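In: model this:
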Amino acid sequence: MARSGWMIFLVPALLGAWGCAPRRAPVKAPLPVRVKAVESRVADESQRYTANLEPLVRVDLAFKVGGYIQELLQVRGHDGRMRAVQDGDPVQKGQVLARIRDADYQVRLAQAKGNVAQAEAAMMAARQDHARATTLRAQQAIPQALMDGAQAKLEGTQGVVDLARALMRQAQLAVEDTALRAPIDGVVLKRLVEVGSLVGPGTGGCVLGDLGSVKAVFGVPDAALSRFPPGAPVPVRVDAVGAAAEGLVTRVSPYADPHSRVFDVEVTVPNADGRLKPGMVANAALPDGEGRAVPRVPLEAVRRPPGAAEGYAVFVVEDTPGGLVARVRTVRIGPVRGGAIEILEGLRDGERVIVSGATLAVDGGAVALIP
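Out: Next up, the predicted model:
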């Protein structure tokens, strides 16, 4: 019984002594990270604007008179056959693009010509009567009242002739207006009618454009407007066709758009080969000044400083006697250039920034480099 009691007191003592022995903290493995050395490159100091290309001159042609479309301009297609003019076809000034059936207008013209003939015949008779009355009045053979009547009849008949001739010219113009003619040398941007279509006065027929040059139109904020004076050269590039050219500022809007608060700037670009088409997207660039070397890092290396809601930071790798550690570094960022971002303050060339693993890095934490 005494021996059992002794064991009861001994076991807890031993357990207490074991629990009070110092424990060795587990060693935390270094965080594997991938790094990138900071490199300085010459910054692109040009300001770029996205522009839409428009024809130098755009003409929306509409019919002056109504009727049925009787014919369209016939051109030779790529297969050698004749076909109706269509979008993209070049046309020359004066060519008839579409013609309205003019039978009704020819009838009206014939009626107008008949009215002119009748009026001129009446005019001839009035002149004869006036001449006879003048002779008789000189001989005192008729009273002055008859002479005045002959004079009034002559003047009235002259007015009828003038009116008939004016109506005839109007009828002639109506016949001429049945033909829709190209007012410029250009390209058909859009044909809006077909043979047999019924059109009225003001109905659109074709849209023409002069593509010998094109206009690049883009918006510029008021702070940069002074850098686009009329006549200033502006480089323009159209990536869709790999074309680059230098245009000239030909127009600056005198007022800003009420919603975007930017001013429209128009740059005219030569287009002798016709590669530039209306609706293409172009980039207009204007250098801001001399290029300068600026450190750049990959975008994924930049994040918020730990515990902060604003600002930007990166983790750099430092060599210490105990090994490699991550150090947080607050930076001031610049514009994004492709997949990299410029660092205006906070980094030097050659420093290693953590690219992969930065989300798990802590300031002062051990790291291990991986390829």
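
In: tell me the buried residues in the helix or strand encompassing residue 156?
Out: Using DSSP states H and E, residue 156 falls within helix 144-176. For helix 144-176, a neighbour-count test (16 or more other CB atoms under 10 Å) marks 147, 150, 153-154, 157, 160-161, 164-165, 167-168, 171, 174-175 as buried. The C-beta positions use only the backbone N, C-alpha and C, and glycine is treated the same way.

In: residue 181: neighbour count?
Out: As a burial measure, residue 181 scores 16 neighbours (other CB atoms under 10 Å).

In: surely it and residue 99 touch.
Out: No: contact criterion CB atoms under 8 Å: residue 181 and residue 99 do not qualify, at 9.7 Å.

In: dump stretch 112-124 to CSV, keeping only the CA atoms.
Out: What follows is stretch 112-124, C-alpha atoms only, in CSV (Å, rounded to 0.1, in the frame of the first residue of the first chain):
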residue,chain,number,x,y,z
ALA,A,112,-44.3,74.0,-121.3
LYS,A,113,-42.7,74.4,-124.8
GLY,A,114,-46.3,74.5,-126.3
ASN,A,115,-47.3,77.2,-123.9
VAL,A,116,-44.2,79.2,-124.8
ALA,A,117,-45.1,78.9,-128.5
GLN,A,118,-48.6,80.1,-127.9
ALA,A,119,-47.4,83.0,-125.7
GLU,A,120,-44.8,84.0,-128.4
ALA,A,121,-47.5,83.9,-131.1
ALA,A,122,-49.8,86.2,-129.0
MET,A,123,-46.8,88.4,-128.4
MET,A,124,-46.2,88.7,-132.1
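
In: what's that stretch in contact with?
Out: Applying CB atoms under 8 Å, 6 or more residues apart in numbering, the contact partners of stretch 112-124 are 154, 157-158, 160-161, 163-165, 167-168, 170-172.

In: and that stretch, what's its mean pLDDT?
Out: The average pLDDT for stretch 112-124 rounds to 94.

In: distance from the chain centre to it, please.
Out: Relative to its chain's centre, stretch 112-124 lies at 58 Å (CA atoms, centre = their mean, to the nearest Å).

In: give me the buried positions along it.
Out: Those buried within stretch 112-124 under the rule 16+ other CB under 10 Å are 112, 115-116, 119, 122-123.

In: picking up where we left off before, now the contacts of stretch 112-124 in CSV, with distance to residue 268 and pLDDT?
Out: Converted to CSV, the contacts of stretch 112-124 look like this (distance: CB to CB, whole Å; pLDDT from 0 to 100):
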residue, distance to residue 268, pLDDT
154, 61, 90
157, 58, 93
158, 54, 93
160, 55, 94
161, 52, 94
163, 49, 95
164, 50, 94
165, 46, 95
167, 46, 96
168, 45, 96
170, 40, 95
171, 43, 95
172, 40, 96
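
In: would you list these in a markdown table and tack on distance to residue 311?
Out: As requested, the contacts of stretch 112-124 are exported to a markdown table (distance: CB to CB, whole Å):
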| residue | distance to residue 311 |
| --- | --- |
| 154 | 99 |
| 157 | 96 |
| 158 | 92 |
| 160 | 91 |
| 161 | 91 |
| 163 | 86 |
| 164 | 88 |
| 165 | 85 |
| 167 | 83 |
| 168 | 84 |
| 170 | 78 |
| 171 | 80 |
| 172 | 79 |
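
In: for this structure, what helix or strand is lowest in average pLDDT?
Out: Lowest mean confidence among the helices and strands of the chain (mean pLDDT, DSSP states H and E): helix 2-19, at a mean of 45.

In: next SSE downstream of it?
Out: strand 31-37.

In: who does that following strand touch, helix- and strand-wise?
Out: Judged by 3 or more CB pairs under 8 Å, 6 or more residues apart in numbering; DSSP states H and E, strand 31-37 is in contact with strand 312-320, strand 352-356, strand 367-369.

In: tilt between that strand and strand 312-320?
Out: With axes from the mean of the first three to the mean of the last three CA atoms, to 10 degrees defining the directions, strand 31-37 sits at 100 degrees from strand 312-320.

In: just the CA trace of strand 31-37, in PDB.
Out: Taking Å, rounded to 0.1, in the frame of the first residue of the first chain, the C-alpha atoms of strand 31-37 are listed here in PDB:
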ATOM      1  CA  LEU A  31       9.400  31.000 -49.300                       C
ATOM      2  CA  PRO A  32      10.200  30.000 -52.900                       C
ATOM      3  CA  VAL A  33      10.100  33.100 -55.100                       C
ATOM      4  CA  ARG A  34      11.000  34.100 -58.600                       C
ATOM      5  CA  VAL A  35      12.700  37.500 -59.100                       C
ATOM      6  CA  LYS A  36      13.400  39.900 -61.900                       C
ATOM      7  CA  ALA A  37      16.300  42.400 -61.900                       C
END
